[in-house]
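Novice: This is a predicted model, with the sequence first.
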Amino acid sequence: MSELSVNHLLGIKYITEEDIQLIFETADHFKEVIHRPIKKVPSLRDITIANLFFENSTRTRLSFELAEKRLSADIVNFSAGSSSVKKGESLVDTVNNILSMKVDMVVMRHPNPGAGVFLSKHINASIINAGDGAHEHPTQALLDCYSIRERLGDVAGKKVVIVGDILHSRVALSNIFALQKLGAIVKVCGPKTLMPRYIESLGVTFEPNLIEALNWCDVANMLRVQNERMDISYFPSTREYTQQFGLNKAILDNLGKEIIVMHPGPINRGVEITSDVADSKQAIILDQVQNGLAVRMAVLYLLASKIKRNDN
Ligand code: NCD
């Protein structure tokens, strides 16, 4: 297969295993490109991309921007503080702005679930969802699975536990979809109050005990507690959360086997993982960031090649 089955990347839910494999093979190529002395290729020279960030972001925004620059795209950036954004209004405004700028692709982060799907129905540009509320964050899941593939050779058959705030995490949902499409076995672990009620209907099992989960897994993906999405208290205190679900070096060393530790960032050092774990050889957190660049270059390149084809 040489092209994606979709014209937008709105969520992992909407793409196939073949799409993911194509993105990985293309990312392998771009990974080689970003290690060259001249890191820039002309692939997207005739493409204009708008990066619309209605919610805070550091690494995702930088990663997309750098990926676009490495591919020689023309880019425009827009960021808004999430507090000033009202759902319908702002998106319709966005639509009108985009239409008048004649952009080919839009990378959008938005606090409302479904914002990307909404936009894709109203404008004639290719949309990439860079995180829509607690719904999906597809490029994060792609880079996470790509990093597992790089470390362990394959994702199929691997046991992955996602630990923490599953309820509010778009990273968790996209990871569950991506890992399962690639044939991994997924468990979730964390306070029961931070587990969605439908979780087992997604084909994942809930393990309330961190040590049991770690003993079972090949890979542990430690998520941040999404305090900004909580309007009530889901556990008694941060200290108690860390006692039960925080990963420290002593736990890791007592496992009697080497597991891989992942984290999408931003890390709350000392809460979900301690500094010595984050900085240990078993943690692949910085590999994830580097792979994010190659994976996003691949997604942009593959979606852009579909735009050209549609124009003909
Ligand atoms: C995540 C996000 O924004 O969804 N971060 C990221 O994109 N690397 C996870 C988080 O905020 O905890």
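Specialist: Cool, got the structure.
Novice: sec struct for the nearest residue to A156 once chain neighbours are set aside, please.
Specialist: Sequence neighbours aside, G183 is the residue nearest to A156 in space, at 3.4 Å (criterion: CB to CB, 6 or more residues apart in numbering). (Each C-beta comes from the backbone N, C-alpha and C, glycine too.) Of the three states, G183 takes coil under DSSP: H, G, I helix; E, B strand; the rest coil.
Novice: swap in V76?
Specialist: From three-state DSSP, the assignment for V76 is strand.
Novice: And the helices in the protein, which stretches?
Specialist: Here the chain has its helices, by DSSP state H, at 17-33, 59-70, 87-101, 115-122, 138-152, 170-181, 210-216, 238-245, 249-253, 275-278, 285-311.
Novice: Could you point out which of these sits nearest E200?
Specialist: helix 170-181 (11.4 Å; CB to CB).
Novice: now stretch 10-28, how far from the centre of its chain.
Specialist: Here the centre of stretch 10-28 is set off from its chain's centre by 13 Å, with CA atoms, centre = their mean, to the nearest Å.
Novice: swap that for stretch 112-126, please
Specialist: The answer for stretch 112-126 is 18 Å, by CA atoms, centre = their mean.
Novice: Pull up the residues of the chain that are close to the ligand.
Specialist: R59, T60, G131, H137, Q140, R170, V171, R224, P264, G265 (CB under 6 Å from any ligand atom).
Novice: I'd assumed H135 was in contact with G114.
Specialist: Yes: assessed by CB atoms under 8 Å, G114 is found in contact with H135 at 6.6 Å.
Novice: how about low-confidence regions in the protein?
Specialist: The model of the chain has pLDDT under 70 over residues 1, 81-90, 308-312.
Novice: And the residue of it that's closest to the ligand?
Specialist: R224 (3.6 Å; CB to the nearest ligand atom).
Novice: G190 versus that residue, what's the distance?
Specialist: 11 Å (CB to CB, to the nearest Å).
Novice: so what sits against both of those two?
Specialist: G164, D165 (CB atoms under 8 Å, 6 or more residues apart in numbering).
Novice: filter the residues of the chain next to the ligand to the buried ones?
Specialist: Buried members of the residues of the chain next to the ligand, counted by 16 or more other CB atoms under 10 Å: T60, G131, H137, Q140, R170, V171, R224, P264, G265.
Novice: Please export the C-alpha coordinates of stretch 214-234 as CSV.
Specialist: Output of stretch 214-234 as CSV, limited to C-alpha atoms (Å, rounded to 0.1, in the frame of the first residue of the first chain):
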residue,chain,number,x,y,z
LEU,A,214,4.3,-4.1,36.1
ASN,A,215,5.1,-7.7,36.7
TRP,A,216,2.8,-8.6,33.8
CYS,A,217,3.9,-6.0,31.2
ASP,A,218,6.7,-5.4,28.7
VAL,A,219,6.0,-1.7,28.6
ALA,A,220,4.6,0.7,31.1
ASN,A,221,3.2,4.0,29.8
MET,A,222,3.0,6.4,32.8
LEU,A,223,0.4,9.2,32.3
ARG,A,224,0.1,12.5,33.9
VAL,A,225,-2.9,13.2,36.2
GLN,A,226,-4.9,15.7,34.1
ASN,A,227,-5.7,18.1,37.0
GLU,A,228,-6.9,20.8,34.5
ARG,A,229,-9.7,18.5,33.4
MET,A,230,-11.0,17.7,36.9
ASP,A,231,-13.8,19.7,38.5
ILE,A,232,-13.9,17.4,41.5
SER,A,233,-11.4,15.4,43.5
TYR,A,234,-10.8,11.9,42.2
